[in-house]
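Trainee: I'll drop the sequence and a predicted model, then ask my questions.
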Amino acid sequence: MGEKEVESLVARTISRIMIPFIQLFGIYVIVHGETSPGGGFQGGVILGTSMILYGIVYGLSKAKKRVSKKHLIILISLGVLIYSGIGLMDMLSGGKYLQYDSLPLPVDAHETTALSILGVELGIGLTVMSATIILFIYLAGERIGAGMDNW
Amino acid sequence: MNSPIEIDFILLVFLVLISYAAIRMKNLLSATILLSGYSLIMALTWVVLNSPDVAFTEAAVGAGVTTFLFIAALSKTMVMEEK
């Protein structure tokens, strides 16, 4: 878990091939959360884990170049905003908090519920993914006496 | 879906064995890897118990993220437990 990438050619090649599929699977789990097992949290963790794999194999300095701290913090807040925004929109249109079918969308109640659940899951996924990545980079990059100010 | 009792028995025996080995292990890195295996068996147990949602969480968080957190903490301290 150093700054440099690992020597093993096998590890580098396999993770280069696997990381896009891991991310695709994470998006699949988020999007299919309401009908099949999984959901925002699980998909978000899978998306974050792909970045952890990248950081372990290709080194922390490359991983820090891939993601920026400002964008991650914005994504964390955006996820919470999406979740609570959908809940508050339900309240504004006359329902309870997160009562999905009260949104005045031009589709029937079942589809409104499905679309709202998709939005909520996307919000959860964004927050969990960004929090996992930021946790990884801070924990792996922490040195005694040297902060993470340059990231 | 009813699974045969033998599958439950085998999984639970593995759980007990792995957790006992993780407790007794002097090398903390090996204990961490054993805990990762424990999470994998636990995820299988959740699938057998008809809750794939929890199994997903267990496999992703237990076997993936928690193992990384332990290893990151170990890389800043000592790998061997003190006598």
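Mentor: Arrived safely. Numbers count the residues shown, from 1 in each chain, chains lettered A, B, ... in the order given.

Trainee: Near chain B, which residues of chain A? Just list them.
Mentor: A:1, A:29, A:37-39, A:41-42, A:45-46, A:48-49, A:52, A:56, A:132, A:135-136, A:139-140, A:142 (Cβ under 8 Å from any Cβ of the partner chain). The C-beta positions use only the backbone N, C-alpha and C, and glycine is treated the same way.

Trainee: can you give me the offset of stretch A:11-25 from its chain's centre?
Mentor: Centroid separation for stretch A:11-25 versus its chain: 17 Å, with Cα atoms, centre = their mean, to the nearest Å.

Trainee: who touches it?
Mentor: A:Glu5, A:Val6, A:Ile46, A:Leu47, A:Thr49, A:Ser50, A:Leu53, A:Tyr54, A:Val57, A:Tyr58 (Cβ atoms under 8 Å, 6 or more residues apart in numbering or on different chains).

Trainee: Can you go through those residues and name the buried ones?
Mentor: A:Glu5, A:Ile46, A:Leu47, A:Thr49, A:Ser50, A:Leu53, A:Tyr54, A:Val57, A:Tyr58 (16 or more other Cβ atoms under 10 Å in any protein chain shown).

Trainee: Restricted to helices, list the residues you listed.
Mentor: Taking DSSP state H, the ones among those that sit in helices are A:Ile46, A:Leu47, A:Thr49, A:Ser50, A:Leu53, A:Tyr54, A:Val57, A:Tyr58.

Trainee: any weak-confidence spans in the chain?
Mentor: I went with chain A, as the question did not name one. By pLDDT under 70, the low-scoring segments of chain A are A:1-3, A:142-151.

Trainee: wrong one, chain B
Mentor: If you take pLDDT under 70 as the line, chain B has these spans: B:1-2, B:82-83.

Trainee: Helices of that one, residue ranges please.
Mentor: B:5-24, B:28-48, B:52-57, B:66-74.
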